[in-house]
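>>> Give me a 3D structure for the following:
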Amino acid sequence: MHIFMDESGDLGFNFSKKGTSRYFVMTALIAEQVIPIYASVRRTLKTKLRQKKKTRYVEELKGSSTTFMVKKYFNQQMLRADDWYLCTVILDKKESAEGIQKPFNLDQLYNLVSMALLNQIKMTSIDKTINLHIDKSKSRRERALFNMLTEDNMRPRLSPETKINIMHVQSQADLGVQAADLFCYGIARKYEQKDVRWYDLFKSRVRHESQIKKRRPLKHTVPADH
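Residues are numbered from 1 along each chain as shown. Alright, predicted model coming up:
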(Lines give C-alpha, C1' and ligand atoms only; values in the text may rest on other atoms or scores of the structure.)
Protein backbone atom coordinates (compact mmCIF):
# COMPACT_ATOMS: atom_id res chain seq x y z
CA MET A 1 0.00 0.00 0.00
CA HIS A 2 1.17 3.51 -0.87
CA ILE A 3 -0.11 6.58 0.98
CA PHE A 4 0.65 10.07 -0.29
CA MET A 5 -0.23 12.87 2.14
CA ASP A 6 -0.39 16.61 1.64
CA GLU A 7 -2.11 19.59 3.23
CA SER A 8 -3.73 22.87 2.26
CA GLY A 9 -4.23 25.97 4.38
CA ASP A 10 -2.24 27.09 7.40
CA LEU A 11 -2.24 26.48 11.14
CA GLY A 12 -2.42 30.12 12.21
CA PHE A 13 -5.23 31.33 14.46
CA ASN A 14 -4.89 35.08 13.92
CA PHE A 15 -7.92 35.51 11.68
CA SER A 16 -7.45 39.26 11.50
CA LYS A 17 -4.22 38.64 9.59
CA LYS A 18 -4.66 38.71 5.83
CA GLY A 19 -4.21 35.31 4.24
CA THR A 20 -4.97 33.22 7.33
CA SER A 21 -7.21 30.34 6.30
CA ARG A 22 -10.22 29.23 8.30
CA TYR A 23 -9.64 25.59 7.41
CA PHE A 24 -6.61 23.34 7.53
CA VAL A 25 -7.12 20.37 5.22
CA MET A 26 -5.07 17.20 5.11
CA THR A 27 -5.65 14.62 2.39
CA ALA A 28 -4.28 11.16 1.68
CA LEU A 29 -4.16 9.49 -1.72
CA ILE A 30 -4.11 5.74 -1.19
CA ALA A 31 -3.19 3.26 -3.91
CA GLU A 32 -1.89 -0.26 -4.33
CA GLN A 33 0.05 0.59 -7.48
CA VAL A 34 1.98 3.81 -8.04
CA ILE A 35 2.66 3.46 -11.77
CA PRO A 36 -0.75 4.83 -12.90
CA ILE A 37 -0.41 7.81 -10.54
CA TYR A 38 3.11 8.65 -11.62
CA ALA A 39 2.15 8.23 -15.27
CA SER A 40 -0.81 10.59 -14.85
CA VAL A 41 1.38 13.33 -13.38
CA ARG A 42 4.14 12.85 -15.97
CA ARG A 43 1.66 12.87 -18.84
CA THR A 44 -0.02 16.03 -17.55
CA LEU A 45 3.29 17.83 -17.14
CA LYS A 46 4.51 16.81 -20.57
CA THR A 47 1.29 17.30 -22.52
CA LYS A 48 -0.30 20.32 -20.86
CA LEU A 49 2.50 22.37 -19.34
CA ARG A 50 6.00 21.81 -20.63
CA GLN A 51 5.11 22.35 -24.27
CA LYS A 52 3.54 25.73 -23.52
CA LYS A 53 6.12 27.08 -21.08
CA LYS A 54 9.00 27.67 -23.46
CA THR A 55 10.87 29.96 -21.06
CA ARG A 56 10.32 27.92 -17.92
CA TYR A 57 10.60 24.18 -17.38
CA VAL A 58 7.63 23.16 -15.24
CA GLU A 59 8.74 20.48 -12.79
CA GLU A 60 5.78 20.22 -10.45
CA LEU A 61 2.00 20.19 -10.42
CA LYS A 62 0.61 22.49 -7.71
CA GLY A 63 -3.06 22.86 -6.90
CA SER A 64 -2.78 26.60 -6.35
CA SER A 65 -1.13 27.34 -9.71
CA THR A 66 -2.58 24.71 -12.04
CA THR A 67 -5.50 25.79 -14.23
CA PHE A 68 -8.86 24.06 -14.07
CA MET A 69 -8.46 22.65 -17.57
CA VAL A 70 -5.11 21.08 -16.66
CA LYS A 71 -6.64 19.65 -13.47
CA LYS A 72 -9.47 18.21 -15.56
CA TYR A 73 -6.99 16.53 -17.90
CA PHE A 74 -5.03 15.15 -14.95
CA ASN A 75 -8.22 13.76 -13.41
CA GLN A 76 -9.12 12.04 -16.67
CA GLN A 77 -5.75 10.30 -16.62
CA MET A 78 -6.17 9.27 -13.00
CA LEU A 79 -9.66 7.85 -13.53
CA ARG A 80 -8.23 5.30 -15.92
CA ALA A 81 -7.01 3.40 -12.85
CA ASP A 82 -9.37 1.81 -10.33
CA ASP A 83 -7.22 1.00 -7.31
CA TRP A 84 -6.92 4.40 -5.64
CA TYR A 85 -9.07 6.51 -3.36
CA LEU A 86 -8.91 9.59 -1.15
CA CYS A 87 -9.38 10.23 2.57
CA THR A 88 -9.45 13.72 4.01
CA VAL A 89 -9.95 15.51 7.32
CA ILE A 90 -10.73 19.19 7.68
CA LEU A 91 -9.86 21.22 10.75
CA ASP A 92 -12.26 24.14 11.20
CA LYS A 93 -9.90 26.39 13.13
CA LYS A 94 -12.54 28.89 14.20
CA GLU A 95 -14.78 26.15 15.56
CA SER A 96 -11.96 24.27 17.27
CA ALA A 97 -9.97 27.15 18.77
CA GLU A 98 -11.66 26.97 22.17
CA GLY A 99 -11.29 23.21 22.33
CA ILE A 100 -7.54 23.15 21.80
CA GLN A 101 -5.69 22.30 24.97
CA LYS A 102 -2.97 24.74 25.93
CA PRO A 103 -0.03 24.89 25.58
CA PHE A 104 -0.16 23.73 21.96
CA ASN A 105 2.40 24.19 19.22
CA LEU A 106 1.96 23.91 15.49
CA ASP A 107 3.88 20.65 15.14
CA GLN A 108 1.62 19.02 17.72
CA LEU A 109 -1.47 20.26 15.93
CA TYR A 110 -0.11 19.04 12.59
CA ASN A 111 0.56 15.62 14.10
CA LEU A 112 -2.91 15.45 15.61
CA VAL A 113 -4.59 16.13 12.27
CA SER A 114 -2.25 13.64 10.58
CA MET A 115 -3.18 10.89 13.05
CA ALA A 116 -6.88 11.68 12.63
CA LEU A 117 -6.42 11.18 8.89
CA LEU A 118 -4.44 7.96 9.21
CA ASN A 119 -7.17 6.57 11.47
CA GLN A 120 -9.56 6.73 8.51
CA ILE A 121 -7.40 4.65 6.18
CA LYS A 122 -8.24 0.97 6.13
CA MET A 123 -5.16 -1.06 6.95
CA THR A 124 -5.19 -4.78 7.59
CA SER A 125 -2.82 -7.51 8.63
CA ILE A 126 -2.59 -8.68 5.01
CA ASP A 127 -0.70 -5.53 4.03
CA LYS A 128 2.96 -6.53 3.71
CA THR A 129 4.40 -3.06 3.21
CA ILE A 130 3.06 0.43 3.93
CA ASN A 131 4.86 3.25 2.12
CA LEU A 132 3.90 6.67 3.49
CA HIS A 133 5.08 9.66 1.44
CA ILE A 134 4.65 13.03 3.11
CA ASP A 135 5.74 16.49 2.03
CA LYS A 136 8.96 17.39 3.83
CA SER A 137 8.39 20.36 6.14
CA LYS A 138 9.59 19.39 9.61
CA SER A 139 12.90 19.58 11.42
CA ARG A 140 14.85 16.36 11.96
CA ARG A 141 13.62 16.08 15.55
CA GLU A 142 10.00 16.67 14.58
CA ARG A 143 10.26 14.14 11.76
CA ALA A 144 11.48 11.54 14.24
CA LEU A 145 8.54 12.28 16.57
CA PHE A 146 6.08 12.17 13.67
CA ASN A 147 7.48 8.81 12.55
CA MET A 148 7.15 7.37 16.05
CA LEU A 149 3.56 8.58 16.43
CA THR A 150 2.70 7.26 12.97
CA GLU A 151 4.11 3.81 13.66
CA ASP A 152 2.23 3.70 16.98
CA ASN A 153 -0.93 4.63 15.07
CA MET A 154 -0.52 2.06 12.30
CA ARG A 155 1.03 -0.91 14.06
CA PRO A 156 -2.07 -2.23 15.94
CA ARG A 157 -3.86 -2.70 12.60
CA LEU A 158 -0.99 -4.54 10.93
CA SER A 159 0.82 -7.80 11.36
CA PRO A 160 4.20 -7.72 13.14
CA GLU A 161 5.85 -8.60 9.83
CA THR A 162 4.45 -5.60 7.98
CA LYS A 163 7.14 -3.11 7.03
CA ILE A 164 6.34 0.59 7.47
CA ASN A 165 8.37 3.03 5.39
CA ILE A 166 7.85 6.72 6.18
CA MET A 167 9.43 9.06 3.65
CA HIS A 168 9.58 12.83 4.11
CA VAL A 169 10.09 14.03 0.55
CA GLN A 170 10.30 17.20 -1.47
CA SER A 171 7.06 17.41 -3.44
CA GLN A 172 9.00 18.39 -6.55
CA ALA A 173 10.65 14.96 -6.48
CA ASP A 174 7.58 12.89 -5.58
CA LEU A 175 4.86 12.58 -8.22
CA GLY A 176 2.41 10.97 -5.81
CA VAL A 177 2.61 13.88 -3.38
CA GLN A 178 1.96 16.24 -6.30
CA ALA A 179 -1.19 14.28 -7.11
CA ALA A 180 -2.30 14.47 -3.48
CA ASP A 181 -1.66 18.22 -3.52
CA LEU A 182 -4.01 18.71 -6.48
CA PHE A 183 -6.83 16.82 -4.81
CA CYS A 184 -6.24 18.43 -1.42
CA TYR A 185 -6.45 21.87 -3.00
CA GLY A 186 -9.84 21.00 -4.48
CA ILE A 187 -11.17 19.92 -1.09
CA ALA A 188 -9.83 23.08 0.55
CA ARG A 189 -11.52 25.23 -2.12
CA LYS A 190 -14.79 23.51 -1.32
CA TYR A 191 -14.62 24.63 2.31
CA GLU A 192 -12.73 27.91 2.11
CA GLN A 193 -14.38 29.45 -0.98
CA LYS A 194 -17.44 27.21 -1.47
CA ASP A 195 -15.99 26.42 -4.90
CA VAL A 196 -16.70 22.81 -5.88
CA ARG A 197 -15.93 22.90 -9.60
CA TRP A 198 -12.67 20.96 -9.24
CA TYR A 199 -13.87 18.89 -6.28
CA ASP A 200 -16.93 17.63 -8.16
CA LEU A 201 -14.75 15.97 -10.79
CA PHE A 202 -13.10 13.60 -8.31
CA LYS A 203 -15.57 13.41 -5.40
CA SER A 204 -16.56 9.86 -6.34
CA ARG A 205 -13.08 8.77 -5.20
CA VAL A 206 -13.38 10.41 -1.76
CA ARG A 207 -13.95 7.48 0.57
CA HIS A 208 -13.81 9.44 3.81
CA GLU A 209 -14.33 13.15 4.48
CA SER A 210 -14.88 14.59 7.95
CA GLN A 211 -14.49 17.84 9.84
CA ILE A 212 -12.79 18.37 13.20
CA LYS A 213 -14.78 20.89 15.25
CA LYS A 214 -14.85 22.17 18.81
CA ARG A 215 -17.41 19.58 19.87
CA ARG A 216 -14.56 17.09 19.47
CA PRO A 217 -11.84 18.53 21.76
CA LEU A 218 -8.34 18.34 20.36
CA LYS A 219 -6.03 16.41 22.62
CA HIS A 220 -2.43 15.57 22.01
CA THR A 221 -0.16 13.38 24.09
CA VAL A 222 3.59 13.42 23.57
CA PRO A 223 5.47 10.33 24.81
CA ALA A 224 7.28 10.84 28.12
CA ASP A 225 10.77 10.66 26.65
CA HIS A 226 9.99 13.65 24.39
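
>>> Tell me which helix or strand the closest residue to L118 other than its chain neighbours sits in.
Once flanking residues are discounted, L118 sits nearest to N153: 5.2 Å by Cβ to Cβ, 6 or more residues apart in numbering. Just so you know, the C-beta spots here come from the backbone N, C-alpha and C atoms, and that holds for glycine as well. Following DSSP states H and E, one finds N153 within helix 140-154.

>>> what is E209 paired to in the beta sheet?
Beta-bridge pairing for E209 (DSSP bridges): T88.

>>> show me what contacts it?
Neighbour list for E209: 87-90, 187 [criterion: Cβ atoms under 8 Å, 6 or more residues apart in numbering].

>>> Quick one, which of the residues you listed are buried?
87-90, 187 (16 or more other Cβ atoms under 10 Å).

>>> My read is that V70 contacts L45, right?
No: look at V70 against L45 with Cβ atoms under 8 Å: they stay out of range, at 9.4 Å.

>>> Overlap in contacts, the two.
By Cβ under 8 Å, 6+ apart, the residues touching both V70 and L45 are L61.

>>> Pick out whichever of these two has more residues nearby.
Ranked by neighbour count (other Cβ atoms under 10 Å), V70 and L45 place L45 first, with 21 against 18.

>>> if I look at the more buried one, how far off is E60?
Between L45 and E60 the distance is 8 Å, computed by Cβ to Cβ, to the nearest Å.
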